[in-house]
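> Everything below, folded, please.
(one chain, ligands or ions: 1)
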Amino acid sequence: MIELDNLTLGYDRHPAVHHLDATIARGSLLAVVGPNGAGKSTLLKGILGLLRPLQGEVRLHGVVRHRVAYLPQQIDLDRTFPLRVDELVSFGLWHRVGALRSLTRHDRTAIAEALAAVGLNGFAGRPIGALSGGQFQRALFARVLLQDAPLILLDEPFTAIDTRTAEDLLALVRRWHGEARTVIAVLHDLDQVRSHFPTAMLLARELVAAGPTAEVLRGEHLFRARQMAEAHDERAPVCRRRAA
Ligand SMILES: Nc1ncnc2c1ncn2[C@@H]1O[C@H](COP(=O)(O)OP(=O)(O)OP(=O)(O)O)[C@@H](O)[C@H]1O
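Here you go, the predicted structure:
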């Protein structure tokens with residue numbers, strides 16, 4: 001279970017998202033939605049511990065932070081780095097293998113199986129710079145698969161990839177959900193959220209609504225989120241208000 005307790009996150013003392021109070025049950029399949037700049041990626045970074053709260057707290061119950069799998073937005077990743085696909089995917093074994101030990105035959109089999117599971121048979125030796133956007137995203141999912149993590153954070157995992165790849169990767173997300181892992185994904189496609197994500201959290205610098213997806217994505221909530229995002233003052237300092 002994850003608890004957000006009066007959580008304010010930001011950069012250089014400026015809050016990006018503030019006073020979040022919410023509980024995310026273990027095994028949830030949760031979509032985080034909201035307008036551009038609403039604080040969705042910031043929330044994932046806060047849960048991951050990459051950002052320290054300006055106020056409040058994130059409490060992870062039953063999950064240690066180094067076992068959380070995180071897939072950042074593709075735009076944040078450097079694909080010019082000279083790395084082969086199997087090397088990228090092998091980082092998913094880091095929690096078991098450590099930084100220094102070399103891979104065993106068993107590890108190599110696990111990597112090959114993960115590549116096969118994401119439809120990348122035969123891609124192990126390719127440089128990551130030679131992959132299409134969709135293939136690269138498949139490789140990143142293979143890495144998450146190997147991490148065997150109880151909590152998986154995905155930041156816009158289906159943006160700018162082809163429909164076939166998105167469908168295959170969505171099937172993997174459903175598989176993780178079926179395995180009782182907690183999956184939290186930042187998404188923009190509300191039809192996709194309605195079809196595949198039972199719960200949602202709508203952000204607009206603060207929490208607009210959270211709960212069953214059909215309830216959260218009601219027109220009045222979406223309208224309010226848009227209004228709140230437009231009214232936000234980028235330069236506001238950390239306020240002292242405690243969320244009701
Ligand atoms: N590294 C950073 N340094 C300073 N400000 C940042 C940084 N990252 C994000 N922000 C600011 O924090 C706010 C929230 O950004 P965030 O990326 O969390 O929004 P988002 O909801 O994920 O947006 P999008 O849908 O456009 O990806 C924005 O005003 C953004 O400019």
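> where are the low-confidence patches of this structure?
Filtered on pLDDT under 70, the chain yields the residue ranges 75-77, 96-101, 232-244.
> got the residues of this structure near the ligand?
By C-beta under 6 Å from any ligand atom, the residues of the chain that approach the ligand are 11, 16, 34, 36, 37, 38, 39, 40, 41, 42. (C-beta placed from N, C-alpha, C; glycine too.)
> Mark which of the residues you listed are buried, thanks.
Applying 16 or more other C-beta atoms under 10 Å to the residues of the chain next to the ligand, the neighbour count classes 16, 34, 38, 39, 40, 41, 42 as buried.
> Quick check: closest non-adjacent residue to the most centrally placed residue in the chain.
Using C-alpha atoms, centre = their mean, the residue of the chain that lies closest to the mean C-alpha position is residue 154, 2.1 Å off. Distances taken as C-beta to C-beta, 6 or more residues apart in numbering put residue 185 closest to residue 154, at 4.1 Å, once the chain neighbours are dropped.
> I'd guess that neighbour is in a helix, am I close?
No - note on residue 185: no helix contains this position according to DSSP: H, G, I helix; E, B strand; the rest coil, which reports strand.
> residues contacting it?
30, 31, 32, 153, 154, 155, 157, 173, 197 (C-beta atoms under 8 Å, 6 or more residues apart in numbering).
> State the distance from the last one to the ligand.
Looking back up the chat, that one is residue 197. Here the distance between residue 197 and the ligand works out to 16 Å (C-beta to the nearest ligand atom, to the nearest Å).
> what's the answer for the fourth one, then?
Residue 153 is 12 Å from the ligand, where distance means C-beta to the nearest ligand atom.
> Likewise for the fifth one?
Spatial separation of residue 154 from the ligand under the definition C-beta to the nearest ligand atom is 12 Å.
> Surely that residue is in contact with residue 177?
No - using C-beta atoms under 8 Å, residue 154 and residue 177 do not qualify as a contacting pair, with a distance of 11.9 Å.
> got any residues that touch both of these two?
Taking C-beta under 8 Å, 6+ apart as the criterion, residue 154 and residue 177 both touch residue 183.
> Of the contacts of residue 185, which belong to helices?
In this view, the contacts of residue 185 that belong to helices under DSSP state H are residue 173.
> Return the member of the contacts of residue 185 nearest to residue 54.
The shortest gap between residue 54 and any of the contacts of residue 185 belongs to residue 32, at 19.2 Å (C-beta to C-beta).
> so what's that closest one bridging to?
Applying DSSP bridges to residue 32 yields these beta-bridge partners: residue 186, residue 201.
> Alright, that wraps it up for me.
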